[in-house]
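> okay, structure incoming, though there's no sequence with it:
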Ligand SMILES: [Zn+2]
């Protein structure tokens, strides 16, 4: 967009200079008109030079009526405005404390003793706003500020952890979450990164009105060198109707696995699967632990680690309250010691769905979920299993995918790590690519 704008501007300037040579008054007038146009500074579609903007945020107890009343508009009129605007925006019930609003006052040459606003603008979020214009006839409408996405590139070398590397470069921590939780959650343990591990990412930043930075929007492709392994990730839409996107590697293998690593988002691995476990409670006798325990506070949501059907949701002996899910002919998973279940037998659940909450029912010394992983009727260690790939790319899409990633991979490969990548306090080396991908 910006690049296009620049080209248009250059062409326009050249054209203009050519016209200027005949120096007629007509052209001069044009030039003035053009200048005035340029100097018009718009906000919410209103010229800042023609209005006085009074900005504030909604305070506790504020209603549309109260705000207008504070600004010299009387009640019959307020009622009339609200009535006419109500199809667009029910202002009486929907003002939220803390949200910004603006009142527009026409710029008057004479000092009016009582000044009245002519427009009320309420900003619902960074992008959307409502305008209620009551200058002459009453108009109400909602608008969305134009959004642009700017593609960027970032690289980094790990010294201690990813957050620190990003921070030293002035890059958003969202990149760390995206890489750790979305892209490499199944292939890299971000708590065990090695000094010297390094990455490259191609991502998009979101801007509102071309100026307000609204954060990292999306990671298109990434490359991570971890322990000497090179891990590529390319985002690809596998179902444009349902809007399903996934990350695949250079061979079109899904980076996601059919199973989540853990059934809780934030939990500490407190006891691993161990067939030779001896514990004091049982007089140091061997008491195999066929589950994997994740300690988390009572009430922490427990997620289904894969799609499947609930085959048990009950309470029994040492297991306490538990849920068991059958995923396919090979795999089932079980979640013990819940404070309560959130699903019923026979229910179909999807990966990440909440199926219950951490508790202390059954035999347990503290709040945790005991996660049991069944393969062909036997309990195995999920951490030692090579877990099946989440939906593999279809054969018909594979060719298209490989075609799609070819130039992206080439770009990724041509991004070089800078020497400064391993130095601290280095400013961002983000290379603006000035492409509008909207
Ligand atoms: Zn356990």
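Structure's in. What do you need? Treat the numbers as computed from the prediction; the structure is a model and nothing was measured.
> what is the mean pLDDT for stretch 361-376?
Over the span of stretch 361-376, the pLDDT mean works out to 94.
> tell me which residues in it are buried?
Buried residues in stretch 361-376, defined by neighbour count with 16 or more other CB atoms under 10 Å: 361-362, 364, 367-374. (Glycine included, C-beta is placed from N, CA and C.)
> check these against the ion, which are close?
residue 370 (CB under 5 Å from the ion).
> the buried residues of stretch 361-376 into CSV, with extra columns for secondary structure and distance to residue 85?
Listed next are those as CSV, based on DSSP: H, G, I helix; E, B strand; the rest coil; distance: CB to CB, whole Å:
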residue, secondary structure, distance to residue 85
361, coil, 54
362, coil, 58
364, coil, 57
367, coil, 51
368, strand, 54
369, strand, 51
370, strand, 57
371, strand, 54
372, strand, 58
373, strand, 57
374, strand, 59
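> could the buried residues of stretch 361-376 be laid out in JSON lines, adding distance to residue 294?
Shown next, in JSON lines, are the buried residues of stretch 361-376 (distance: CB to CB, whole Å):
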{"residue": "361", "distance to residue 294": "16"}
{"residue": "362", "distance to residue 294": "15"}
{"residue": "364", "distance to residue 294": "12"}
{"residue": "367", "distance to residue 294": "10"}
{"residue": "368", "distance to residue 294": "6"}
{"residue": "369", "distance to residue 294": "5"}
{"residue": "370", "distance to residue 294": "8"}
{"residue": "371", "distance to residue 294": "6"}
{"residue": "372", "distance to residue 294": "12"}
{"residue": "373", "distance to residue 294": "13"}
{"residue": "374", "distance to residue 294": "17"}
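> which one of the buried residues of stretch 361-376 sits closest to the ion?
Proximity of the buried residues of stretch 361-376 to the ion, judged by CB to the ion, is greatest for residue 370, which lies at 3.0 Å.
> now do the contacts for the closest one.
Residues counted as contacts of residue 370 (CB atoms under 8 Å, 6 or more residues apart in numbering) are 291-293, 319, 335-337, 364.
> pull the most distant pair out of the buried residues of stretch 361-376.
Across those, no pair lies farther apart than 367 and 374, at 23.5 Å, counting by CB to CB.
> how far away is the residue in the stretch 201-350 of the chain that the ion sits nearest to from residue 355?
Nearest residue of the stretch 201-350 of the chain to the ion (CB to the ion) works out as residue 291 at 3.5 Å. Remark: distance between residue 291 and residue 355 (CB to CB, to the nearest Å) = 16 Å.
> do the same with residue 72
Distance, residue 72 to residue 355, using CB to CB: 57 Å.
> between the two, which has more neighbouring residues?
residue 355 (25 against 12; other CB atoms under 10 Å).
> so what are the sheet partners of the helix or strand where the more buried one lies and their directions?
Using DSSP states H and E, residue 355 falls within strand 354-358. Paired strands of strand 354-358, with direction, are strand 301-303 (antiparallel), strand 331-341 (antiparallel) (DSSP bridges).
> which stretches of the stretch 51-200 of the chain have low pLDDT?
Along the stretch 51-200 of the chain, the model assigns pLDDT under 70 to residues 91-93, 109-113.
> got the residue ranges for the helices in this protein?
For the chain, helices defined by DSSP state H occupy the ranges 2-20, 25-39, 64-70, 75-85, 91-94, 162-168, 174-177, 395-413.
> still on that earlier bit, buried ones in the strand holding residue 355?
So for strand 354-358, counting by 16+ other CB under 10 Å, buried means 355-358.
> ok, now stretch 305-314?
Neighbour-count burial for stretch 305-314, with 16+ other CB under 10 Å as criterion, is recorded at 305-310, 313.
> also stretch 184-203?
Within stretch 184-203, the residues scored as buried using 16+ other CB under 10 Å are 184-188, 190, 193, 197-203.
> can I get these in a markdown table with distance to residue 137?
Below are the buried residues of stretch 184-203 laid out as a markdown table (distance: CB to CB, whole Å):
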| residue | distance to residue 137 |
| --- | --- |
| 184 | 57 |
| 185 | 55 |
| 186 | 59 |
| 187 | 61 |
| 188 | 60 |
| 190 | 58 |
| 193 | 62 |
| 197 | 63 |
| 198 | 62 |
| 199 | 57 |
| 200 | 56 |
| 201 | 51 |
| 202 | 49 |
| 203 | 46 |
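> those in strands, which ones?
In this view, the buried residues of stretch 184-203 that belong to strands under DSSP state E are 198-203.
> tell me, which of the residues you listed make contact with the ion?
When CB under 5 Å from the ion is applied, no member of these is adjacent to the ion.
> out of these, who's nearest residue 48?
residue 203 (33.1 Å).
> alongside the ion, which residues does the protein contribute?
By CB under 5 Å from the ion, the part of the chain that sits against the ion consists of 291, 293, 370.
> and which of the residues you listed is nearest residue 176?
Taking CB to CB as the measure, residue 176 lies nearest residue 293 of the residues of the chain next to the ion, at 26.8 Å.
> state the distance from the closest residue to that closest one other than its chain neighbours to residue 373.
Nearest-residue entry for residue 293: residue 271, 4.0 Å, with adjacent residues in sequence omitted and distances by CB to CB, 6 or more residues apart in numbering. For residue 271, the distance to residue 373 (CB to CB) stands at 14 Å.
> quick one, what contacts the closest residue to residue 190 other than its chain neighbours?
Spatial nearest neighbour of residue 190, excluding adjacent residues (CB to CB, 6+ apart): residue 180 at 4.2 Å. Contact partners of residue 180, counting by CB under 8 Å, 6+ apart, are 162, 188, 190.
> redo the residues you listed as TSV? Include distance to residue 330.
Shown next, in TSV, are the contacts of residue 180 (distance: CB to CB, whole Å):
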residue	distance to residue 330
162	34
188	26
190	29
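> give the contact list for residue 71.
Each residue near residue 71 by CB under 8 Å, 6+ apart is listed here: 54, 103, 116-117.
> now with 7 Å?
If you count contacts by CB atoms under 7 Å, 6 or more residues apart in numbering, residue 71 has them with 103, 116-117.
> what about the residues you listed, which are in strands?
Within the contacts of residue 71, residues falling in strands by DSSP E are residue 103.
> no further queries at this time; thank you.
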